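Chemist: Sharing a sequence plus its predicted fold:
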Amino acid sequence: MRALVAGLTGQLGSGLIEVLPSTELELVPVLRPQAQRRGRIPLPRQYPDLPPAVLPAVTGDVSQPRWALDDLTVATLRGTIDVVVNLAGETNWAAKRASLHAMNVGGARHGVEVAEAVGVDAPVPYMYASSVFVAGGAVGRVPEQLLGRDGDRTAYEESKWVAEQALLGVRSRERGVPVLVARICPLLGSAATGTTAKRSSLYLLADHWEQLPFEAIPAMTGARVDGLPRDVAARILARLIAVAVENPRRAHGVVHVSAGDGAPTLKGLLETARQLRSTVRTPQRIVPVPRSAILWFSKNAERFVDLSTDWRNAVIGTRYIGLDRVFERNRLAALIGADLPTPSVEQLARLTFGLEAPPLLAHSPSGLARFAG
């Protein structure tokens with residue numbers, strides 16, 4: 001199976017390259033011109049060379065129509081691509097609306113054009129990496145389906161919601177492109193090596209927790225932290241790609257690539273981190289607050305305090321660990337099988353806080369068995 005993939009330089013893209021040797025995938029990267037010039041093809045550190053299944057890259061830009069692929073490139077790709085995968089996007093939660101719209105909404109829509117262009121008799125299937133945070137202020141069980149309007153969404157969450165509506169809404173069905181929206185949970189570094197593309201998502205919170213006032217963090221009682229190592233999420237994604245190629249119509253819709261019911265509570269994650277290393281700096285207490293307080297604080301704190309970009313991301317991120325909710329994985333299980341990975345709270349704590357694993361856990365294949373799915 002050959003996939004045309006945008007966004008391989010990110011966390012999930014790096015994870016996909018890591019697991020590539022154990023799949024039947026070949027990847028054709030789409031790289032922006034500046035990345036091409038700098039030779040910035042993603043390279044997980046444990047590989048001396050890129051896997052042979054990463055084919056020569058083509059030049060493009062997801063923010064532009066048809067991803068800025070020229071006619072010659074499209075003609076060369078036509079009939080050789082089985083699926084188009086969009087992992088690219090603006091992941092800065094505090095980015096300006098224009099940037100969020102261009103990358104997250106425009107990139108999603110333009111990917112449909114690419115799927116149409118590289119097909120021969122019919123469009124090839126298209127997979128778009130959305131975010132579980134499109135759930136906005138929802139609590140409880142979040143279903144794998146299109147969600148309604150929500151005034152509590154941040155600008156980042158709104159951009160992902162608009163992208164999903166554009167891809168799976170009523171108007172998009174006329175295009176005839178099978179679309180699978182994979183909502184991705186926060187990703188940590190590799191379960192095998194601990195390597196991370198950059199310190200974003202949960203890492204931003206971990207980096208700032210020791211600076212929190214009174215060493216306390218606001219959260220709902222029972223709040224959960226949903227996250228996966230990037231290679232674990234990538235294995236799920238590879239299986240979804242296979243399903244999309246084999247049965248495009250069956251794979252049309254929404255799935256959650258997340259920990260689901262296996263997501264640890266915030267309290268459990270912090271306690272595990274302190275048990276692993278007594279000197280690790282974590283909030284010393286969780287202050288129970290209602291949902292409304294978390295949502296208001298995470299959206300409005302910058303109105304009263306001049307925050308750096310990192311701090312703005314960290315403040316917004318409090319809603320991603322402070323809400324009591326679970327992302328259902330019923331449809332994911334139906335598509336790829338019931339043996340879904342259940343993350344270890346110890347592994348998540350080690351990755352989040354940079355705690356080295358014991359030699360047996362770090363190097364033994366059996367240490368990864370809990371993530372295999």
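Modeler: On my side now, so go ahead.
Chemist: Need the three-state assignment for residue 130.
Modeler: strand (DSSP: H, G, I helix; E, B strand; the rest coil).
Chemist: As a check, name the ranges of all helices in this protein.
Modeler: Secondary structure of the chain (DSSP state H): helices located at 11-19, 33-38, 71-77, 97-100, 107-118, 155-168, 202-208, 230-246, 266-276, 291-300, 309-322, 330-336, 345-353, 359-363.
Chemist: could you redo those helices as a markdown table and give each row mean pLDDT?
Modeler: Below are these laid out as a markdown table (pLDDT from 0 to 100):
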| stretch | mean pLDDT |
| --- | --- |
| helix 11-19 | 93 |
| helix 33-38 | 65 |
| helix 71-77 | 97 |
| helix 97-100 | 95 |
| helix 107-118 | 96 |
| helix 155-168 | 96 |
| helix 202-208 | 70 |
| helix 230-246 | 96 |
| helix 266-276 | 89 |
| helix 291-300 | 90 |
| helix 309-322 | 86 |
| helix 330-336 | 96 |
| helix 345-353 | 88 |
| helix 359-363 | 42 |
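Chemist: Identify, out of those, the most deeply packed stretch.
Modeler: helix 11-19 (a mean of 26; mean count of other CB atoms under 10 Å). In short, each C-beta sits where N, CA and C put it, glycine included.
Chemist: Just the C-alpha atoms of that helix, please, in PDB.
Modeler: This file holds the C-alpha atoms of helix 11-19, laid out as PDB (Å, rounded to 0.1, in the frame of the first residue of the first chain):
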ATOM      1  CA  GLN A  11       5.200  13.700  16.300                       C
ATOM      2  CA  LEU A  12       2.700  11.300  14.700                       C
ATOM      3  CA  GLY A  13       4.600  11.200  11.400                       C
ATOM      4  CA  SER A  14       7.800  10.300  13.200                       C
ATOM      5  CA  GLY A  15       6.000   7.500  15.000                       C
ATOM      6  CA  LEU A  16       4.700   6.300  11.600                       C
ATOM      7  CA  ILE A  17       8.300   6.100  10.300                       C
ATOM      8  CA  GLU A  18       9.300   4.200  13.400                       C
ATOM      9  CA  VAL A  19       6.800   1.500  12.900                       C
END
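Chemist: In contact with residue 297: list those residues for me.
Modeler: Residues in contact with residue 297, defined by CB atoms under 8 Å, 6 or more residues apart in numbering, are 218, 315, 318.
Chemist: Any chance of TSV for those, columns distance to residue 229?
Modeler: Below are the contacts of residue 297 laid out as TSV (distance: CB to CB, whole Å):
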residue	distance to residue 229
218	27
315	25
318	22
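Chemist: Identify the bridge partners of the residue nearest the centre of the chain.
Modeler: Computing the C-alpha centroid of the chain and ranking residues by CA atoms, centre = their mean puts residue 184 first, at 3.6 Å. Per DSSP bridges, the residues bridged to residue 184 are residue 131, residue 257.
Chemist: Tell me the confidence at it?
Modeler: Note on residue 184: pLDDT of 97.
Chemist: So it sits against residue 232, correct?
Modeler: No - between residue 184 and residue 232 there is no contact under CB atoms under 8 Å: 11.5 Å.
Chemist: Would you mind listing the residues touching both of the two?
Modeler: Joint contacts of residue 184 and residue 232 (CB under 8 Å, 6+ apart) do not exist.
Chemist: What confidence value was assigned to residue 41?
Modeler: You'll see residue 41 listed with a pLDDT of 60.
Chemist: Kindly report the same for residue 279.
Modeler: 67.
Chemist: measure the closest residue to residue 276 other than its chain neighbours to residue 345 for me?
Modeler: Once flanking residues are discounted, residue 276 sits nearest to residue 355: 5.2 Å by CB to CB, 6 or more residues apart in numbering. Using CB to CB, to the nearest Å, residue 355 is found at 12 Å from residue 345.
Chemist: Tell me how many other residues surround residue 250.
Modeler: 13 (other CB atoms under 10 Å).
Chemist: just the one 3 residues further on next, same as before
Modeler: The number of residues packed around residue 253, counting by other CB under 10 Å, is 16.
Chemist: so what's it up against?
Modeler: With CB under 8 Å, 6+ apart, residue 253 has these contacts: 144, 145, 168, 180, 181, 331.
Chemist: Identify, from these, the entry nearest to residue 117.
Modeler: Of all these, residue 117 sits closest to residue 180, with 18.6 Å by CB to CB.
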